[in-house]
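Engineer: Please work out how this folds:
(one chain, ligands or ions: 1)
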Amino acid sequence: MTTVHIPVITIDGPTASGKGTVSHLVAQRLGFHYLDSGALYRLTALSALRKGVDLGDEHALAKLARDLQCSFSGEDVFLAHENVSAAIRAEEVGNTASKIAALSTVRQALYRLQLDFRKAPGLVADGRDMGTVIFPHAPLKVFLTASVEARAERRYKQLIGKGFSANMSDLLKDLKERDERDANRTVAPLKPAEGAYVLDTSAMGVDEAVERVLGWYAALKKQHAV
Ligand code: DC
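Structural biologist: A predicted model of the protein is given here:
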């Protein structure tokens, strides 16, 4: 069955730009499904770290991605039947995810899985290449960004809030390195998709960002473009 008529809103952007929170809320407000594509890379990374797979072995990593037994329930993420929502957010897993996400075989292995999230009545897809590669014909594409300082501060508060220790200069260094890797890789580099609305949230609260996205979507609906 074709799914091309099912609306998709893509929300791409760098680490800690707030796109996860914004995407979740937009999906909730519209009653749409939600794809956290970063979680798929994180699940592959977690699985590789646990199984001790050599991070230089592209084929073994692609196989892990292809055979990934994952499921989502609300904000919870499961690997097989284990709830790994907290485990996939560890910094080590994020860094490993960013490294393996540069491999084209891993990206190809996760391609089909991502398309399968397109279900009625609609989908909000959050990631780095949702608008450029996975859903290039989405009627609404958004690129959410924020200064590296604003993002580091958000990440700092998030970690402290969860009871983890955090160091601002380490976080800044880490984010810069990850941005560099995500934006300069040869496959699916992080960049705004053609026709994307770019939203800088450095000085903007979550609610305002959500309203902007919903406003763009409502305008498209009014023009019968979705
Ligand atoms: O959004 P996140 O921090 O959970 O993503 C984890 C890593 O996965 C990030 O470093 C980049 C990568 N990623 C990607 O390459 N493509 C996506 N669509 C989503 C995430």
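Engineer: If we go by neighbour counts, what in stretch 5-14 is buried?
Structural biologist: Across stretch 5-14, burial judged by 16 or more other CB atoms under 10 Å covers 7, 8, 9, 10, 11, 12, 13, 14. All C-beta spots, glycine's among them, are computed from the backbone N, C-alpha and C.
Engineer: End to end on that stretch, go ahead and measure it.
Structural biologist: Terminal residues of stretch 5-14 are spaced 28 Å apart (CA to CA, to the nearest Å).
Engineer: which SSE is residue 193 in?
Structural biologist: Using DSSP states H and E, residue 193 falls within no helix or strand.
Engineer: Could you list the low-pLDDT ranges of the protein?
Structural biologist: The chain contains residues with pLDDT under 70 at 1.
Engineer: okay, now residue 67: neighbour count?
Structural biologist: By the criterion of other CB atoms under 10 Å, residue 67 has 10 neighbours.
Engineer: no, scratch that, I was asking about residue 206
Structural biologist: There are 13 residues near residue 206, going by other CB under 10 Å.
Engineer: Please verify my assumption that it contacts residue 23.
Structural biologist: No: the pair residue 206 and residue 23 fails to qualify as a contact (CB atoms under 8 Å) at a distance of 10.8 Å.
Engineer: Tell me where the protein has strands.
Structural biologist: Secondary structure of the chain (DSSP state E): strands located at 8-12, 33-36, 70-73, 76-79, 82-83, 123-127, 140-145, 197-200.
Engineer: Just send those strands back as a markdown table, with distance to residue 109 too.
Structural biologist: Output for these, formatted as a markdown table (distance: least, CB to CB, whole Å):
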| stretch | distance to residue 109 |
| --- | --- |
| strand 8-12 | 20 |
| strand 33-36 | 16 |
| strand 70-73 | 13 |
| strand 76-79 | 16 |
| strand 82-83 | 21 |
| strand 123-127 | 15 |
| strand 140-145 | 24 |
| strand 197-200 | 30 |
